[in-house]
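> A structural model of the following input is requested.
(one chain, ligands or ions: 1)
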Amino acid sequence: MSEKLEKARLYEIEEAKNIPQEEKPAFHVSAPVGWINDPNGFSVFKGKVHLFYQYHPYSRDWGPMHWGHSVTEDMIRWEQLPAALAPDQEYDREGCFSGSAIEADGKQALIYTGVTTEKLPDGKEEVRQNQCLAWGDGKDYVKAEKNPVVTGDMLPEKCSRVDFRDPKVWEDNGTYHMLVGCRSEEIPGQVVLFSSKDLKEWKFETILASNESGKIGTMWECPDFFQLGSKRVLICSPQDMKAQKYEFHNGHNSVYFLGDYDEKTHTFVKELPHALDYGMDFYAPQTTELPDGRRIMIAWMKSWDACVIPNSQVWQGMMTLPRELELKDGKIWQTPVREIEKYHKNPCRYDHAEINQETTLCGIEGRTIDLTVLLEEDEFQTFSMKLAANKEYETSFTYHKAENMLEIDRTYCGVTKDVVCVRKLKISNPEGLKKMRFILDRQSIELFLNDGEQVATTAICTPLEAQEIHFYSDKKIHINVEKHSIVKL
Ligand code: FRU
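Just a heads-up that it's a prediction; the model follows:
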């Protein structure tokens, strides 16, 4: 093991002891110490689900990237393993950036972007991003002798060697495929495909998809590519997008394209993109397929554009709850992994509860809960809920029926910087908002709308004593409410 990795492993054990566990999410993966961003290598290996992540143990801010590592059997109870990779080689000395993992020949292969700098003929230094390989047993990894295995020199001429990262690898019929995010002089964002028989020798195949309209941001980060029902799905996270009404917001977005894929010719005919999440904190998602066939997605529950945490907090970054994906009516629907229901405790239900102006319902409160609210047909115009609330704090979700629009506002959640705090989304179902399922875990609220047709994920930084939930309606309405605490014993 390199000195750098050993140092990180010792550091995380020692420092984690100083972080009060009550300060951290109860059932979402979060930084053991320091900083985490993208999920990496989300995959199944020897019966367990592995999740790696972009990791800088030494401060709560982004820095030279390591890979942190957690495993789980049910996606709710996670066990932290020692850091998996450190930037300890010439070809990755500026960082081990995002990538994926796959089981091959009984071992676990990690494929990641090694970042380094190269001296140009004029003496200037320029960043180089290349794809690298490491082999391991599920805990310890050895980097391949002949790294990098894919370099920017294998790309067509006008493609960037500077922005060429985040390989997603999968296998089918004995061939490995690697999709990498990239840009070129002509096209601001694209994904490029390579293939291999052994993960070591790779061949460039094609530019699989690109931002030919110029409307889908610049660099396409963190691609994923998989079959879902009758469609092929391409996910990517474009930088620098301009807001497009209620669908996309300014800055970093995560989008998906449905399409049809011809595996023989490597042609992907894509439809128009959609947002994957309509909240404020969702980026760089990755998916994996479980042995039972479910396609599960997890994402970084933060945004580059709104990284704000309390000054006292020494760690930063968490993941969303893993979500089950399903293709329905030409769209991706998402629901929390069903395993969460095993941790339901203390149920509290109201049938046909009347809401008129501001109300609370006894027993409906908490910060680690699974809460479902069904709206009955009624003559209201505005229905609103405040969560993680008390006299000082709240995060509100307000539905305006005439516009069929939901407004999320975390202005009063405790943020101490002027980051994005309000987001509006159009409810896709023309019949309106019927059902909201909120998953709260201390510093986050994930809202699944109308059975997962849309999702809105928002990080909050509200002191834990703000436990109240308030309901408001401008006219008398009736709702059904079901709340479960999430308890990991
Ligand atoms: C996305 C990203 C990736 C990169 C990583 C670096 O959030 O910028 O493209 O690999 O983060 O930490």
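> residues contacting the closest residue to Ser30 other than its chain neighbours?
Computed as Cβ to Cβ, 6 or more residues apart in numbering, the closest residue to Ser30 that is not its neighbour in sequence is Met318, at 4.0 Å. (Glycine included, C-beta is placed from N, CA and C.) By Cβ atoms under 8 Å, 6 or more residues apart in numbering, the residues touching Met318 are Pro25, His28, Val29, Ser30, Ala31, Ile36, Met301, Lys302, Gln443, Ser444, Ala459.
> measure the nearest residue to Ala402 once chain neighbours are set aside to Glu407 for me?
Among residues not flanking Ala402 along the chain, Gln381 sits closest, at 6.2 Å (Cβ to Cβ, 6+ apart). Counting by Cβ to Cβ, to the nearest Å, the gap from Gln381 to Glu407 is 13 Å.
> Among these two, which residue is more densely surrounded?
Set side by side, Gln381 and Glu407 show more neighbours around Glu407, with 16 against 12, by other Cβ atoms under 10 Å.
> Return the nearest residue of the stretch 101-250 of the chain with respect to the ligand.
The stretch 101-250 of the chain approaches the ligand most closely through Glu221 (3.6 Å), counting by Cβ to the nearest ligand atom.
> Quick check, the residue in the stretch 251-400 of the chain closest to the ligand?
As assessed by Cβ to the nearest ligand atom, the ligand sits closest to Ala284 within the stretch 251-400 of the chain, at 4.5 Å.
> Just give me the neighbour total for that residue.
Using other Cβ under 10 Å: Ala284 sits among 26 other residues.
> Could you list every helix and strand in contact with the helix or strand where Ala84 lies?
Assigned by DSSP states H and E, Ala84 belongs to strand 78-85. On a contact count with 3 or more Cβ pairs under 8 Å, 6 or more residues apart in numbering; DSSP states H and E, strand 78-85 meets helix 3-16, strand 48-56, strand 66-72, strand 107-119, strand 125-136, strand 141-143.
> Quick check: which of the ones you listed is buried the most?
Ranked by mean neighbour count, the helices and strands packed on strand 78-85 are led by strand 48-56 with a mean of 25 (mean count of other Cβ atoms under 10 Å).
> Verify the stated contact: Ile298 with Arg323.
Yes. Between Ile298 and Arg323 there is a contact at 7.4 Å, judged by Cβ atoms under 8 Å.
> More neighbours: which of those two?
Per other Cβ under 10 Å, whichever of Ile298 and Arg323 has more neighbours is Arg323, with 29 against 25.
> center of the chain, which residue is that?
By Cα atoms, centre = their mean, the chain has its centre lying nearest to Ala299, at 1.0 Å.
> which residue packs closest to it, ignoring adjacent ones?
The shortest distance from Ala299 to any non-neighbouring residue, by Cβ to Cβ, 6+ apart, is to Pro285 (3.7 Å).
> if I pick that neighbour, what's in contact with it?
Taking Cβ under 8 Å, 6+ apart, one finds Pro39, Cys222, Asp224, Ile235, Ser237, Ser254, Leu276, Met297, Ile298, Ala299, Trp300, Thr320 in contact with Pro285.
> Leu425 now?
Counting by Cβ under 8 Å, 6+ apart, Leu425 has contacts Tyr246, Tyr278, Met405, Leu406, Ile408, Gln454, Ala456.
> Kindly report the same for Ala353.
Ala353 is in contact with Leu361, His478, Ile479, Asn480, Val481, counting by Cβ under 8 Å, 6+ apart.
> Let's see that with 10 Å instead.
Thr359, Leu361, Ile364, Val373, Glu376, Phe471, Ile477, His478, Ile479, Asn480, Val481 (Cβ atoms under 10 Å, 6 or more residues apart in numbering).
> ok, so of these, who is nearest Glu171?
Nearest to Glu171, judged by Cβ to Cβ, of these is Val373 at 42.5 Å.
> ok now do the closest one, which residues does it touch?
350, 353, 355, 364, 383, 385, 397, 433-438, 469, 471, 479-483.
> what does Tyr11 give?
Counting by Cβ under 10 Å, 6+ apart, Tyr11 touches Pro32, Val33, Gly34, Pro57, Tyr58, Ala83.
> which bits of the stretch 201-350 of the chain sit near the ligand?
For the stretch 201-350 of the chain, the contact set with the ligand under Cβ under 6 Å from any ligand atom comprises Glu221, Cys222, Tyr283, Ala284.
> Can you tell me what sits against stretch 118-125?
With Cβ under 10 Å, 6+ apart, stretch 118-125 has contacts from Thr116, Thr117, Glu126, Val127, Arg128, Gly152, Arg161, Val162.
> Straight-line length of it, end to end?
Across its full length, stretch 118-125 reaches 5 Å between end residues, using Cα to Cα, to the nearest Å.
> can you tell me the average pLDDT over that stretch?
Stretch 118-125 shows a mean pLDDT of 93.
> Likewise for stretch 4-21?
For stretch 4-21, the mean per-residue pLDDT is 96.
> Would you mind listing what in the stretch 51-200 of the chain touches the ligand?
When proximity is defined as Cβ under 6 Å from any ligand atom, the stretch 51-200 of the chain approaches the ligand at Gln54, Met65, Phe97, Ser98, Thr113, Arg165, Asp166.
> Do you have the strands of the stretch 201-350 of the chain handy? List them.
Taking DSSP state E, counting those that start in this stretch to define them, one finds strands in the stretch 201-350 of the chain at 202-210, 220-228, 231-238, 255-262, 267-270, 274-275, 283-289, 295-300, 323-328, 331-336, 344-359.
> helices or strands up against the shortest one?
Of the remaining helices and strands, those touching strand 274-275 by 3 or more Cβ pairs under 10 Å, 6 or more residues apart in numbering; DSSP states H and E are strand 255-262, strand 454-459.
> deepest of the ones you listed, which one?
Neighbour counts (mean count of other Cβ under 10 Å) averaged over each of those peak at strand 454-459, with a mean of 26.
> Could you export the helices and strands packed on strand 78-85 as JSON lines, including distance to Arg93?
As requested, the helices and strands packed on strand 78-85 are arranged in JSON lines below (distance: least, Cβ to Cβ, whole Å):
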{"stretch": "helix 3-16", "distance to Arg93": "10"}
{"stretch": "strand 48-56", "distance to Arg93": "15"}
{"stretch": "strand 66-72", "distance to Arg93": "12"}
{"stretch": "strand 107-119", "distance to Arg93": "6"}
{"stretch": "strand 125-136", "distance to Arg93": "11"}
{"stretch": "strand 141-143", "distance to Arg93": "12"}
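> Let me have the strands of the stretch 201-350 of the chain in CSV, extended by mean pLDDT.
Formatted as CSV, these follow (pLDDT from 0 to 100):
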stretch, mean pLDDT
strand 202-210, 98
strand 220-228, 98
strand 231-238, 98
strand 255-262, 98
strand 267-270, 98
strand 274-275, 98
strand 283-289, 98
strand 295-300, 98
strand 323-328, 98
strand 331-336, 98
strand 344-359, 97
